[in-house]
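Novice: how does the following fold in three dimensions:
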Amino acid sequence: GAPLHRAPPGPWPLPGSFGMPQPSRSRFRLAEGVPMVEAQGPNSDLMVRTGARGDVLGGLKTLSATAHGEDIMPSMEPLVRFLPQLPKVLLLHTGGTLGMDPSASFEADDGFPHLKQGTGGIYPDVLQPGNMLSDLLELVPELQAFATLDLQVVFNKDSCRVGPVEWVQLAELLHRHRKDYDAFIIVHGTDTMAYTASALSLMLAGFRKPVVVTGSQLPLSMPRTDARQNLVDAITCATVGFMPSLNIGERVHLQEVALCFGGKLLRGNRARKLHSSNYQAFDSPTYKPLAELGVEVSWNPQELLRPADIVYQPRLNLNPNVMRVPVVPGLDPRQAYGDLYARGIRGIVLESFGVGNMPDLEEHGWLPWLGSQTEQGLLVYLTTQCLAGNLNPELYQSGSVALEMGVENSRYMTPECAVVKMMLHIEYPYIPMNMPLAGEL
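Specialist: Numbering: from 1, shown residues only. Take a look at the predicted model:
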């Protein structure tokens, strides 16, 4: 594999327990992009604060305390316990906008940056991970407050060129380093980010470590970039399980593949790209966010995957002969698609109307075409063209007939996830298509 490059060690503290009476109220939050602990002592007028950056170059950070609105001298007793070791995080670079050179890939139009027409951005074949890590930590130094970082360039591609071959490559790399790191962050382009997150979640079901996929709409070195915040948010979520408990309830443990973008942490296999250029480009219409990141980080712990009963068994093969087939009014699939199975297609994701409906008269062609294809062995997942809502194909004649033909109800799966799960099922037919692997159903 590509060489790993490690950030130099430094005296980067994390918030710890206080050498004082047990606080009656405490909370963990982000302040200026870095962790901060606020603890309210038994005396409700006393507030002690400490951050994870502050004046750390000399080692310990000076604590400030206030009582009755006036500054008081900090105690000579050590108030902060430093963790002996930060969690180890491997950052995997795969390309996308975040790492682009703006001068090579962008031009200004009416004062706003746009990709140079016809290029899609410039992606050098050879990147130097050591230089990349140095540049990254220079632009986003607070990343070192959260973890000891290693960086590996897996490949450097426009994400439109990322597919099953690259998903297998990433899954194999994550599997190989599973015991070496506490968490993983993947920098990825936005166009196929939801596909990649879905693929990794299914191929590595039961991985039980945080894998957070992120990226940006503008390069990291541009003035109005969203890359910096997305990176800080991603590492915040990836390392949350290693923050010392402050007795604020159950500690959060992220144990799944997630997508972090635009202030939201989403389940990877429920995420979809819904906007081409907004900073809040992703959402998960069929599942609540795992966390929302603003001044504070609001977790939804009840939504987190708890794979305690899942035995980790990596499945590192995919069959790429799968396609999405939208139902279009007036289109006869016998003419439009013909004999897909004879041409080597082994599975389709059929995107129906509403809750699972499609034209049901014989002259429309959909049911006869489905019957001929499923008889040959074509596998079919039924999904919907709607962004959200239940899938109940049995409510309509066409849906009921399709189910009798062996078409599978994908329920809440996104089309992106359904495609990948079909690729996986073809290679591992013992996995039922309707059995959840990683919270996708």
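Novice: can you confirm Ser352 is in a helix?
Specialist: No. Residue state for Ser352 (DSSP: H, G, I helix; E, B strand; the rest coil) corresponds to strand; a helix is not indicated.
Novice: and it, what's its pLDDT?
Specialist: Ser352 carries a pLDDT score of 96 in this model.
Novice: and it, what does it touch?
Specialist: Contact partners of Ser352, counting by CB atoms under 8 Å, 6 or more residues apart in numbering, are Val327, Met358, Leu382, Thr383, Thr384, Gln385, Pro393, Gly399. Every residue, glycine included, has its C-beta placed from N, CA and C.
Novice: so which of these sit within strands?
Specialist: Leu382, Thr383, Thr384 (DSSP state E).
Novice: tell me the pLDDT at the last one?
Specialist: To tie it back to what came earlier, the one meant is Thr384. Confidence score, pLDDT, at Thr384: 94.
Novice: isn't it right next to Leu350, touching?
Specialist: No. Judged on CB atoms under 8 Å, Thr384 makes no contact with Leu350 at a distance of 9.8 Å.
Novice: return the member of the contacts of Ser352 nearest to Leu92.
Specialist: Nearest to Leu92 out of the contacts of Ser352 is Thr383 (CB to CB; 29.6 Å).
Novice: for the closest one, list the residues it contacts.
Specialist: Val349, Leu350, Glu351, Ser352, Leu391, Ser410, Met413, Thr414, Pro415, Ala418.
Novice: for this structure, give me the ranges with low pLDDT.
Specialist: 1-3, 5, 7-84, 102-130, 244-250 (pLDDT under 70).
Novice: what segments of the stretch 151-300 of the chain are strands?
Specialist: 183-187, 211-214, 257-261, 264-267, 272-273, 282-283, 291-293, 297-299 (DSSP state E, counting those that start in this stretch).
Novice: check which helices and strands the fourth one sits against.
Specialist: Contacts defined by 3 or more CB pairs under 8 Å, 6 or more residues apart in numbering; DSSP states H and E place strand 264-267 against strand 257-261, strand 282-283, strand 291-293.
Novice: got the contact list for that strand?
Specialist: Contacts of strand 264-267 (CB under 8 Å, 6+ apart): 201, 212, 233, 237, 256-260, 280, 282-284, 287, 289-293, 303, 305, 439.
Novice: one more time with 7 Å
Specialist: With contacts defined as CB atoms under 7 Å, 6 or more residues apart in numbering, strand 264-267 is touched by Cys237, Glu256, Ala258, Leu259, Phe282, Ser284, Tyr287, Pro289, Leu290, Ala291, Glu292, Gly439.
Novice: ok, now the third one?
Specialist: Contact with strand 257-261 is made by 193-194, 197, 200-201, 211-215, 230, 233-234, 237, 265-268, 271, 281-282, 290, as judged by CB under 7 Å, 6+ apart.
Novice: rerun at 6 Å
Specialist: With contacts defined as CB atoms under 6 Å, 6 or more residues apart in numbering, strand 257-261 is touched by 197, 200-201, 211-214, 230, 233-234, 237, 265-266, 268, 271, 282, 290.
Novice: also the second one?
Specialist: Applying CB under 6 Å, 6+ apart, the external contacts of strand 211-214 come out as 184-186, 188, 193, 197, 230, 234, 237-238, 257-260.
Novice: repeat that for 8 Å
Specialist: Strand 211-214 is contacted from outside by 98, 174, 183-188, 193, 196-197, 200, 204, 230-231, 233-235, 237-238, 254, 256-261, 265, 268, using CB under 8 Å, 6+ apart.
Novice: buried subset of those residues, written for PyMOL?
Specialist: Remark: buried members of the contacts of strand 211-214, expressed as a PyMOL selection using 16 or more other CB atoms under 10 Å:
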select buried, resi 98+174+183+184+185+186+187+188+193+196+197+200+204+230+231+233+234+235+237+238+254+256+257+258+259+260+261+265+268
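Novice: middle-most residue in this protein, spatially?
Specialist: Centroid-nearest residue in the chain, with CA atoms, centre = their mean: Leu259, separated by 1.6 Å.
Novice: name the nearest residue to that one, ignoring sequence neighbours.
Specialist: Once flanking residues are discounted, Leu259 sits nearest to Ala271: 4.3 Å by CB to CB, 6 or more residues apart in numbering.
Novice: and the one you found, how many neighbours does it have?
Specialist: For Ala271, the neighbour count with other CB atoms under 10 Å is 30.
Novice: same thing with Gly344?
Specialist: 7.
Novice: likewise Ser221?
Specialist: Counted with other CB under 10 Å, Ser221 comes out at 17.
Novice: ok, now how distant is it from Leu318?
Specialist: Distance of Ser221 to Leu318, computed by CB to CB, to the nearest Å: 35 Å.
Novice: do Ser134 as well
Specialist: Ser134 sits 35 Å away from Leu318, going by CB to CB.
Novice: who has more neighbours, those two?
Specialist: Neighbours per residue (other CB under 10 Å) separate Ser134 from Leu318, with Leu318 holding more: 24 against 15.
Novice: contacts only, for the more buried one.
Specialist: Pro164, Trp167, Val168, Ala199, Met203, Val420, Met423, Leu424, Glu427.
Novice: change it to 6 Å
Specialist: Here Leu318 is in contact with Pro164, Met423 (criterion: CB under 6 Å, 6+ apart).
Novice: give the buried residues for whichever strand or helix holds Leu370.
Specialist: Leu370 is part of helix 366-376, with elements assigned from DSSP states H and E. Neighbour-count burial for helix 366-376 flags Trp366, Leu367, Trp369, Leu370, Gln373, Thr374 (criterion: 16+ other CB under 10 Å).
Novice: could you do stretch 282-300 as well?
Specialist: Quick answer for stretch 282-300 (16+ other CB under 10 Å): Phe282, Asp283, Ser284, Thr286, Tyr287, Pro289, Leu290, Ala291, Leu293, Val297, Trp299.
Novice: what about the nearest residue to the third one once chain neighbours are set aside, neighbour count?
Specialist: Translated: Ser284. Leaving aside its chain neighbours, Ser284 sits nearest to Arg270 (4.0 Å; criterion: CB to CB, 6+ apart). Using other CB under 10 Å, Arg270 is surrounded by 29 other residues.
Novice: where do the helices sit along this protein?
Specialist: Per DSSP state H, the chain carries helices over the ranges 102-105, 129-139, 164-176, 193-203, 227-238, 333-336, 366-376, 397-404, 415-427.
Novice: as a markdown table, these with distance to Pro314 would be great.
Specialist: Putting the helices of the chain into a markdown table (distance: least, CB to CB, whole Å) gives the following:
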| stretch | distance to Pro314 |
| --- | --- |
| helix 102-105 | 35 |
| helix 129-139 | 25 |
| helix 164-176 | 5 |
| helix 193-203 | 6 |
| helix 227-238 | 20 |
| helix 333-336 | 36 |
| helix 366-376 | 30 |
| helix 397-404 | 32 |
| helix 415-427 | 11 |
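Novice: Asn156: which of those is closest?
Specialist: Closest among the helices of the chain, using CB to CB: helix 129-139, at 9.8 Å.
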